[in-house]
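1. this one's structure only:
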């Protein structure tokens, strides 16, 4: 087994390595450089690592630590109206290399604040790219790719994955945008899951395998660009599709993927597409209610059984 690293440590390693490689990479934002012992501050100094809102810094590649995805809502004019359009409106002459890093989806009793899985609202903004890593290796590889991109990237990492460990390559490591990962092969049904739901989908697939059902599990890794080719190839093979997403049903990436499959791969479907998402409700404080509205392995397995003959 190779080197094991926690999900958040993999993200930090990618940022650190990119800052060491390229002096134009900056790290600004919330809850960083708050003491002199901050590792980034000690390594790269106060000119490149600051606890401050971002400002226009021509010629640099800022990574903005927004900490929680909901804090992006405070800067929606810049995130939605300005950064993603600037390159287009300048005829490609002005690049906007900007990474907006934010955690999402915290549950475990956090109730209505800072528990939203709101990445779906950014996937429809032309000019924005959206990364959603599910493993420590992808967290590192997608972050490095995001920093090198000349366009603004929303990099969403799930809070509940923060301390999960996995094998992570050492040194320079890049994961291409728009290239889904087939995490498990199967011929009976396709399960497409995002972020922390990938692990739950894999657990459900293992349980289904004990009953003779072989599910193929696909992790898109990035929602923009979205690798529909890999998803459609799988659906043509299995004829059945279950989409798993912690976002609320009508603001989910699952809804977008489902509509694309209906448009491009309808003839291959042998059963209706099933969505396993959060209910259209604010996350409650009560543990039983929280569990009621969120996807889990049991709900995924039930959706799979519903599409089987």
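-> Here it is on my side, so go on. The structure displayed is predicted, hence computed values, not measured ones.

2. pLDDT value on residue 214, please?
-> pLDDT recorded at residue 214 is 98.

3. ok, it touching residue 191?
-> No - if you go by CB atoms under 8 Å, residue 214 and residue 191 don't touch, sitting 11.0 Å apart. In this view, the C-beta of every residue, glycine as well, is placed from N, C-alpha and C.

4. tell me the contacts of the spatially most central residue of the chain?
-> The structure's the chain has its C-alpha centroid closest to residue 132; by CA atoms, centre = their mean the separation is 1.1 Å. Going by CB atoms under 8 Å, 6 or more residues apart in numbering, residue 132 touches 119, 156, 194-195, 220-223, 253.

5. out of the residues you listed, which are inside strands?
-> Of those, the ones assigned to strands by DSSP state E are 156, 222-223.

6. May I ask which of the contacts of residue 132 comes out lowest in pLDDT?
-> Lowest pLDDT of the contacts of residue 132: residue 119, 92.

7. mind checking how far that residue is from residue 290?
-> 20 Å (CB to CB, to the nearest Å).

8. what does residue 240 give?
-> 29 Å.

9. how about the helices of the stretch 1-150 of the chain, start to end?
-> Assigned by DSSP state H, counting those that start in this stretch, the stretch 1-150 of the chain shows helices spanning 7-21, 39-44, 76, 83-89, 136-148.

10. just those helices: most buried one?
-> helix 136-148 (a mean of 25; mean count of other CB atoms under 10 Å).

11. Run through the neighbouring helices and strands of that helix.
-> Applying 3 or more CB pairs under 8 Å, 6 or more residues apart in numbering; DSSP states H and E, one finds that helix 136-148 contacts strand 4-6, helix 7-21, strand 61-68, strand 99-104, strand 129-131, strand 153-158, strand 165-167.

12. go with 6 Å
-> helix 7-21 (3 or more CB pairs under 6 Å, 6 or more residues apart in numbering; DSSP states H and E).

13. Go through stretch 152-163 and flag the buried ones.
-> 152-161 (16 or more other CB atoms under 10 Å).

14. Name the nearest residue to residue 198, sequence neighbours excluded.
-> Distances taken as CB to CB, 6 or more residues apart in numbering put residue 134 closest to residue 198, at 3.9 Å, once the chain neighbours are dropped.

15. about what we covered before: just want to know which of residue 119 and residue 290 has more residues nearby.
-> Remark: of residue 119 and residue 290, residue 119 carries more neighbours, 28 against 18, as counted by other CB atoms under 10 Å.

16. Go ahead and confirm that one touches residue 156.
-> Yes - contact criterion CB atoms under 6 Å: residue 119 and residue 156 qualify, at 4.8 Å.

17. Would you mind listing where this structure has pLDDT under the threshold?
-> 1, 52-59 (pLDDT under 70).

18. could I get the ones in strands among the contacts of residue 132 as JSON lines with distance to residue 64?
-> Shown next, in JSON lines, are the ones in strands among the contacts of residue 132 (distance: CB to CB, whole Å):
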{"residue": "156", "distance to residue 64": "13"}
{"residue": "222", "distance to residue 64": "18"}
{"residue": "223", "distance to residue 64": "19"}
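
19. now, which of those sits nearest residue 50?
-> residue 156 (22.4 Å; CB to CB).

20. and the gap between the closest one and residue 129?
-> From residue 156 across to residue 129, the span is 11 Å (CB to CB).

21. Could you do residue 186 as well?
-> Residue 186 is 29 Å from residue 129, by CB to CB.

22. and these two? which has more neighbours close in?
-> Neighbour tally, residue 186 and residue 129, criterion other CB under 10 Å: the higher count belongs to residue 129, 23 against 19.

23. and the more buried one, bridged to which residues?
-> Per DSSP bridges, the residues bridged to residue 129 are residue 153.

24. So which bits of stretch 165-178 are buried?
-> In terms of neighbour count (16+ other CB under 10 Å), stretch 165-178 has its buried residues at 166, 168, 173-175, 177-178.
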